[in-house]
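Undergrad: I would like to see how this sequence folds:
(2 chains)
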There are 2 protein chains.
Amino acid sequence: MEVASKPIFNTLNRPALYTDFYELTMAQGYFLSGRKDEQACFNYFFRDLPFDGGYVVFAGLGDFLEILENFRFHDDELEYLKEQGFRPEFLEYLKDFELEVSIDSVKEGEIVFPLEPVVQVRGNIIQTQLLETLLLNILNFESLIATKAARLKYAAGERKVLDFGLRRAQGFGGIQASKAAIIGGVEATSNVYSSFVHGIPASGTMAHSWIQSFDDEITAFRKYAEYYPDNCILLVDTYDTLASGVPNAITVAKELEEKGHKLQGIRLDSGDLAYFSRKARNQLDRAGLDYVKIAVSNQLDERLIKSLLGQEAPIDLFGVGTRLVTGHETPALDGVYKLTSVNNEPKLKISENVEKITLPGNKKLIRYYDDRGRFYGDGIMLKEEGTVDTIYHPYYPAKHTKVTDFESEMLLYEVMRNGELTDGVPTPGDSAKYAKQRLEKLNAEHKRFDNPHIYKIGISKKLMDLRDELAQSLKKNN
Amino acid sequence: MEVASKPIFNTLNRPALYTDFYELTMAQGYFLSGRKDEQACFNYFFRDLPFDGGYVVFAGLGDFLEILENFRFHDDELEYLKEQGFRPEFLEYLKDFELEVSIDSVKEGEIVFPLEPVVQVRGNIIQTQLLETLLLNILNFESLIATKAARLKYAAGERKVLDFGLRRAQGFGGIQASKAAIIGGVEATSNVYSSFVHGIPASGTMAHSWIQSFDDEITAFRKYAEYYPDNCILLVDTYDTLASGVPNAITVAKELEEKGHKLQGIRLDSGDLAYFSRKARNQLDRAGLDYVKIAVSNQLDERLIKSLLGQEAPIDLFGVGTRLVTGHETPALDGVYKLTSVNNEPKLKISENVEKITLPGNKKLIRYYDDRGRFYGDGIMLKEEGTVDTIYHPYYPAKHTKVTDFESEMLLYEVMRNGELTDGVPTPGDSAKYAKQRLEKLNAEHKRFDNPHIYKIGISKKLMDLRDELAQSLKKNN
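TA: Next up, the predicted model:
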């Protein structure tokens, strides 16, 4: 069911106004104060791991880069801004706006952790500021859902997980949710739009309405099997799962066998899924239909999947909806986009909450490997630094680690230079493959659901000193 | 800041494939089995109230109707479906597809309750089936957020609530979230895109980056006040709220006074908002700046707003982000779309969960008023029924209520007839006004946050009997 990649028309073909109002008032402020050519650097990072989990799968880069290709101000948008009180000279500037920023990013599908500069945007202060909301909106959400998908897939192991969430997705966010779910490891989606636009595999079974619309269940099953003899999953809980649904499915499976076809599966969508899957498996096996798969759905999440498999429920395929595409218990990743330098002068925000102090300066991000080739820890440092011997806990410098003996790898790549893509837009298929490889290198203690082990993140001495000195001097001067 | 309504280009101008895969395989099944002209009726309803609350504000009708105007299959979409294995004769049928459904709906902004047929779609079985996912995706999400907004507004009372959520919204769902927030009662949004597309008021303050980008806070404040002298809210927590932020804001306010302007407000975005708002209010008042408003933000929701006002925190404006636009503790409304009749023959789904049994038949929905003109309860009955004397609890018929003495009102309107809008698309402004009026008629016991009183919903005797007889006969025949 894999679909070839398509010429893409993303839904957000008018991204310039997809922003918070204050980005535009600040941009006008920079313009009016003659600062439009000052160079700024912003870092995208998050502070808290979603789902009380141990990691994040980074996603959204593909959509973000693709949407940037359309970043310009159209006449009707400028007219709107004029009505909002923006000044003619600034609107004239926006009219000729061409994106010239440079962007460093980890690869889509990378495993990332709190405080890390996952994306770094460099360019003039107006352009870098104007991208804030668009970047946050896309990267926060897609990373959230890719992470949820990876957790579901981790629970399901070799069993398949399908995305059934569009009907409960948060509006048009469903388009991105299904794509991000694929990046995180889900096998296919029910979402045809995302399949069409993003070239990801689509899949589906049948709804209760199909069965209700016929006079009886067996006729409904027979008709479906007639049209989809090799791709037929029968929904068995419309009237009575064990007394009617499964026996009727068995009848149809036998009829299909006579015509040289095989019933693909049955689906359970209500009741106790452990109990019913076991009973249904027995009925199917006794009828010699051990090849007929059992799919289940109904408010599933990673913990329920783990529980079902822990009970040895004979389930082959999990359809996950609401709790995949919304993130459920954590419906937002808390990623932020913070100014880290202006004209190469490092910048800092202090705030009333200590943990909200930011890391200043242009940066690089390095991953260290242990002797088994697995992720050992990550180091954040200033771009201009050479090899670093030791990384320090961001808040408790007494905790530090020597990193000289580890293999290491730079994680940030320049994906856009002066407004031009350096290496195209990552496809969901490539990003999914990359995420899978990377998750294999992440130790199990970071992947478990309860109290996962905290992954080691350190900063260089130079970065720490810069942050602390800057904080001191800002406190003094303000 | 109100914006005139615009010619709208909604983001979803290609809605035909915005659906679950099985809707299309079922549609092809209906087509191949010669049932394409059979008439079906589907009901949209939900089972559980979000946020442990007492009601839902219905929203999304405007977007849904508007998007339906674009409902047709384009060549590239048909090509995609061909690659997915759909048959030539069905694709030929889709090529000429023109929407001919009729839709009954409550007004956008109406207050609705579990089990009620909020929207009823009638038409041929293929068209009514194909709209399922699109309808659910839009109505579930926008109703969820409108409801959250109404709760925030209920907590804030006369104080203003602004939507600041786009950066943490679930991707493109943010476009709808901001519109739904306005329908639910929020005063304005930071979301420029939604303001532009939907003609809703936009608003904003400034970010930390503006302040960081200058050498010191006072210069940053002065510059902003220079460009926005009459519309200036200064963010005071970048370095030290009480030692630097508020004193600098006071200096700038005095300078503005000298030029004949007034500082609009300050914003607190970290720390204890009750403590800092009181301290800041004192500093401002002592400086003779009692007109300067205090805005706050940072992970607010309705309970925090209620708590802050309960502590008499002197706050004038609440900026709410993540917890408004995602729904936070309830990130999805569980609305479903169920087949209730085929060729006027009522249909039912039983399922393994008793509470999932549906109400059959084409319906009407009636609201009863108490003698103070407030909502007393709602009755669900069959469309063909005349006046009903008594309504019954849907599951415990021993609980019933005589309704002959109450004023009543029909809640469902035919908004689309044979594919044509009967009365245009509701605007967010009109829907917001309607929701406000309706919320005033809902008693406080249904609006409180903790254990709200359950609103009375009843069904007619005829509908109950039909449901129970149908369930019996389906159990027997399957």
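
Undergrad: residue A:207 and chain B, how far apart?
TA: Computed as C-beta to the nearest C-beta, to the nearest Å, the residue A:207 to chain B distance reads 6 Å. Heads up, the C-betas are built off the backbone N, CA and C, glycines and all.

Undergrad: can you pull the contacts of the closest residue to that residue other than its chain neighbours?
TA: Distances taken as C-beta to C-beta, 6 or more residues apart in numbering or on different chains put residue B:22 closest to residue A:207, at 5.9 Å, once the chain neighbours are dropped. Residue B:22 is in contact with A:190, A:204, A:205, A:206, A:207, counting by C-beta atoms under 8 Å, 6 or more residues apart in numbering or on different chains.

Undergrad: how many residues are close by the residue nearest to residue A:456 when sequence neighbours are not counted?
TA: Distance criterion C-beta to C-beta, 6+ apart; nearest residue to residue A:456, sequence neighbours excluded, is residue A:377 at 3.2 Å. When neighbours are counted by other C-beta atoms under 10 Å in any protein chain shown, residue A:377 registers 18.

Undergrad: can you give me phi and psi for residue A:377?
TA: Note on residue A:377: its backbone torsions stand at phi 180, psi 170 [degrees, to the nearest 10].

Undergrad: how near is it to residue B:135?
TA: Going from residue A:377 to residue B:135 by C-beta to C-beta, to the nearest Å gives 48 Å.

Undergrad: so where's chain A uncertain?
TA: The model of chain A has pLDDT under 70 over residues A:1-11.

Undergrad: again, only this time at 90
TA: Scanning chain A for pLDDT under 90 picks out A:1-14, A:70, A:204-205, A:348-357, A:473-478.

Undergrad: what residues are up against the most far-flung residue of it relative to its centre?
TA: Largest separation from the mean C-alpha position in chain A: residue A:258, at 44.9 Å (C-alpha atoms, centre = their mean). Contact analysis of residue A:258 by C-beta under 8 Å, 6+ apart lists nothing.

Undergrad: how about residue A:91?
TA: Taking C-beta under 8 Å, 6+ apart, we find residue A:91 in contact with A:78, A:81, A:82.

Undergrad: what's the neighbour count on the last one?
TA: Meaning residue A:82. 13.

Undergrad: any idea how far residue A:293 lies from residue A:458?
TA: Residue A:293 is 47 Å from residue A:458, where distance means C-beta to C-beta.

Undergrad: so which of these two has more stuff around it?
TA: Taking neighbours as other C-beta under 10 Å, residue A:293 and residue A:458 compare with residue A:458 leading, 26 against 18.

Undergrad: what bridges to that one?
TA: Under DSSP bridges, the beta-bridge partners of residue A:458 are residue A:379.

Undergrad: which bits of the stretch 301-450 of chain A sit near chain B?
TA: A:322, A:326-328, A:331-334, A:337-339, A:342, A:347-353, A:356 (C-beta under 8 Å from any C-beta of the partner chain).

Undergrad: is any residue of the helix or strand where residue A:143 lies near chain B?
TA: Per DSSP states H and E: residue A:143 is located in helix A:132-156. Yes - contact of helix A:132-156 with chain B (C-beta under 8 Å from any C-beta) involves A:132, A:133, A:136, A:137, A:138, A:140, A:141, A:142.

Undergrad: tell me which helix or strand comes right after that helix.
TA: strand A:160-163.

Undergrad: quick check: angle from whichever helix or strand comes after that next one to helix B:173-184?
TA: Next along the chain after strand A:160-163, taking DSSP H and E as the criterion, comes helix A:173-184. Between helix A:173-184 and helix B:173-184, the angle comes out at 140 degrees (axes from the mean of the first three to the mean of the last three C-alpha atoms, to 10 degrees).

Undergrad: distance from the chain centre to helix A:173-184, please.
TA: 7 Å (C-alpha atoms, centre = their mean, to the nearest Å).

Undergrad: tell me the first helix or strand C-terminal of it.
TA: strand A:188-189.

Undergrad: and residue A:149, how far is that from residue B:283?
TA: Applying C-beta to C-beta, the value for residue A:149 to residue B:283 is 49 Å.

Undergrad: who's more crowded, the two?
TA: Shown here are residue A:149 and residue B:283; by other C-beta under 10 Å, residue A:149 has more neighbours (29 against 19).

Undergrad: name the nearest residue to the more buried one, ignoring sequence neighbours.
TA: Residue A:149's closest residue in space is residue A:184 (C-beta to C-beta, 6+ apart), at 2.8 Å.

Undergrad: pull the contacting residues for the one you found.
TA: Here residue A:184 is in contact with A:57, A:59, A:145, A:146, A:147, A:148, A:149, A:150, A:152, A:153, A:432, A:435 (C-beta under 8 Å, 6+ apart).

Undergrad: likewise residue A:175?
TA: Contacts for residue A:175 were tallied using C-beta under 8 Å, 6+ apart; they are A:11, A:191, A:193, A:194, A:197, B:18, B:171, B:172.

Undergrad: ok, which pair from these is furthest apart?
TA: Across the contacts of residue A:175, the longest distance by C-beta to C-beta is 14.2 Å; it joins B:18 and B:171.

Undergrad: looking at the two, which has the bigger crowd around it?
TA: In this view residue B:18 and residue B:171 are compared by other C-beta under 10 Å, and residue B:171 has more residues nearby, 29 against 24.

Undergrad: residue A:423: neighbouring residues, count only.
TA: When counting by other C-beta under 10 Å, one arrives at 10 neighbours for residue A:423.

Undergrad: measure it to residue A:103 for me?
TA: 11 Å.

Undergrad: shared neighbours of those two, anything?
TA: Between them, residue A:423 and residue A:103 share these contacting residues under C-beta under 8 Å, 6+ apart: residue A:415.

Undergrad: three-state assignment of the closest residue to residue A:222 other than its chain neighbours?
TA: Residue nearest to residue A:222 in three dimensions, not counting chain neighbours: residue A:252, with 5.9 Å by C-beta to C-beta, 6+ apart. Classification of residue A:252 using DSSP: H, G, I helix; E, B strand; the rest coil returns helix.

Undergrad: check contacts around residue A:252.
TA: By C-beta under 8 Å, 6+ apart, the contact list for residue A:252 reads A:218, A:221, A:222, A:225, A:232, A:234, A:263.

Undergrad: ditto for residue A:421
TA: A:65, A:69, A:415.

Undergrad: what helices or strands is the helix or strand where the last one lies leaning on?
TA: Residue A:415 belongs to strand A:413-417 when elements are defined using DSSP H and E. The elements that strand A:413-417 packs onto, with contact taken as 3 or more C-beta pairs under 8 Å, 6 or more residues apart in numbering or on different chains; DSSP states H and E, are helix A:61-68, strand A:102-105.

Undergrad: TSV please, covering those and showing mean neighbour count and distance to chain B.
TA: What follows is those, written out as TSV (neighbours: other C-beta atoms under 10 Å in any protein chain shown; distance: least, C-beta to the nearest C-beta, whole Å):
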stretch	mean neighbour count	distance to chain B
helix A:61-68	23	8
strand A:102-105	24	17
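
Undergrad: which stretch among those comes nearest residue A:366?
TA: Between residue A:366 and those, the shortest separation by C-beta to C-beta is 13.1 Å, and it involves strand A:102-105.
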